[in-house]
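In: mind looking at a prediction? Sequence and model below.
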Amino acid sequence: MLTPISERAYTRPELLAETGWLADRLTDPRIRVVDARGAGEYAAGHIAGAVHIDGFGNLPRAENGDMGSPAEFARLVGGLGIDNDTTVVVYDTPTQRMGMVAWALLYYGHADVRILDGGVAKWLAERRTLETQPPAWPTVIYVAKPMEGVYCSLEQAKAAESRDDFVFWDTRSDDEYAGKVAGFGSVPRPGHIPGAAHLDWTELLDAQSRTLKPAAELRQLLEVRGITPDKQVASYCNGGARGALGAFVLRVLGYDRGQAYAGSFQQWSSQPDTVVER
C-alpha cells in the first residue's frame, strides 16, 4: 500500500498534495489546478478546472536562459485566474515539467504552491476522470516578488566553484553528465560543471506509483553524493526543468539553501570563460 504524504517524514509536506485531497476540492474557488504537460496532452484530457502552463515552453524566459521578468510572469498567471492568495496545485504525467512550473511559482514569491503527488498517472489509476473543456477563469491581478534565495544566477554559479560550502547537483542522465550525448536541446560543449554531483531526476520518483520517494530514501540518495543540507545546493540540467524539480524537492526535504540554476548547462557551456568537465 502506498504510504501517505503525511507519513513520509518530509520537512515540508505541505508542498505536496494528495490526489484524494484535490478531488475533494475541485470546486473550491480558492484553489487553481495547473496542468504542466504539453498542449496536446492538456487538450486530450485534464483535471476538471485545470488551466495550462507548459513547463517546457510557456514560462517567460530571457534569451540567455535566465527567468523572465516579474511583470511577464504576473501577466501569465493573472490571466489564468491566479492571484497571490490562490492555492495552486501543479501536475503533469508526472515529469520534470511540473517541477519547472511549481519552482517558478516559488521563485516569483507565491505563498501556497503544491505538486500533485503521482500526477495524472496516480489520478487515472484511482479511476478519477478527466475533461476536455478548458475553463474560463476571469483575469485577476497578480504581483510577483522574486525570492532570490531559491535562484542561482550565472554570476553566482561562476563564483561558486571556489566555495567549499557549495555543491552543484546535475539532474540529467548518466550519458549527458559524461558528455556522451547532448540531451534536451543542443549544448556547445558536452559534459558537466566541474565538481558537480550527479543524481538523475528520475531517481526521485518511485518507479511504480510515480510518487515522490520517502524522505529517508531521498536523503540517502543525496547525501551519499555530497548533497547535504549544510551546503548551498544549486540543481541544474540542460534547460532548467529537471533542475527546477530537483530544487523543489530540496525544499520539500528542508534544504533551506537549495536553489535552481535556471540557465543550467546550456547557459554554462555557452560562456567563453567557463570550464566543462567530461
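Out: On my side now, so go ahead. Residues are numbered from 1 along each chain as shown.
In: confidence score at the residue lying closest to Ala262 once chain neighbours are set aside?
Out: Spatially, and ignoring its direct neighbours in sequence, Ala262 is nearest to Gly240 (4.8 Å; Cβ to Cβ, 6 or more residues apart in numbering). The way it works is simple: take the backbone N, C-alpha and C, and place the C-beta from them, glycine included. On pLDDT, Gly240 comes in at 96.
In: for Gln133, see how far away Gly240 is.
Out: According to Cβ to Cβ, to the nearest Å, Gly240 and Gln133 sit 31 Å apart.
In: what about those two, which has more around it?
Out: Comparing Gly240 with Gln133 by other Cβ atoms under 10 Å, the one with more neighbours is Gly240, at 32 against 8.
In: contact partners for the more buried one?
Out: Applying Cβ atoms under 8 Å, 6 or more residues apart in numbering to Gly240 gives the contacts Arg61, Gly65, Met100, Ala260, Tyr261, Ala262, Gly263, Ser264.
In: how many other residues sit next to the last one?
Out: Neighbour count for Ser264, taken as other Cβ under 10 Å: 30.
In: next one: phi and psi at it?
Out: For Ser264, the backbone dihedrals are phi 50, psi -160 (criterion: degrees, to the nearest 10).
In: please name the nearest non-neighbouring residue to it.
Out: That would be Tyr236: by Cβ to Cβ, 6+ apart, it lies 4.2 Å from Ser264.
In: Ile82: how many residues sit nearby?
Out: Neighbour tally, Ile82, other Cβ under 10 Å: 24.
In: same check, this time on the one 10 residues further on
Out: Counted with other Cβ under 10 Å, the burial measure for Asp92 works out to 26 neighbours.
In: quick check: closest non-adjacent residue to Gly254.
Out: Per Cβ to Cβ, 6+ apart, closest to Gly254 is Thr11, 2.9 Å.
In: I'd say the one you found and Arg219 touch.
Out: No. Taking contacts as Cβ atoms under 8 Å, Thr11 lies outside contact range of Arg219: 10.0 Å.
In: who touches both of these two?
Out: In contact with both Thr11 and Arg219: Leu253, using Cβ under 8 Å, 6+ apart.
In: ok, the two, which is more surrounded?
Out: Using other Cβ under 10 Å, the more surrounded residue of Thr11 and Arg219 is Arg219, with 18 against 14.
In: any idea how far Gly118 lies from Leu22?
Out: For Gly118, the distance to Leu22 - Cβ to Cβ - is 11 Å.
In: so these two - more neighbours on which side?
Out: Gly118 (26 against 20).
In: quick revisit: dihedrals phi and psi, the residue nearest to Gly254?
Out: Dihedral angles of Thr11 (phi, psi; degrees, to the nearest 10) stand at phi -70, psi -40.
In: the helix or strand of the chain with the lowest mean pLDDT: how far from the chain's middle?
Out: Lowest by mean pLDDT, DSSP states H and E among the helices and strands of the chain is helix 154-160, with a mean of 95. Mean C-alpha position of helix 154-160 versus that of the full chain (Cα atoms, centre = their mean, to the nearest Å) differs by 21 Å.
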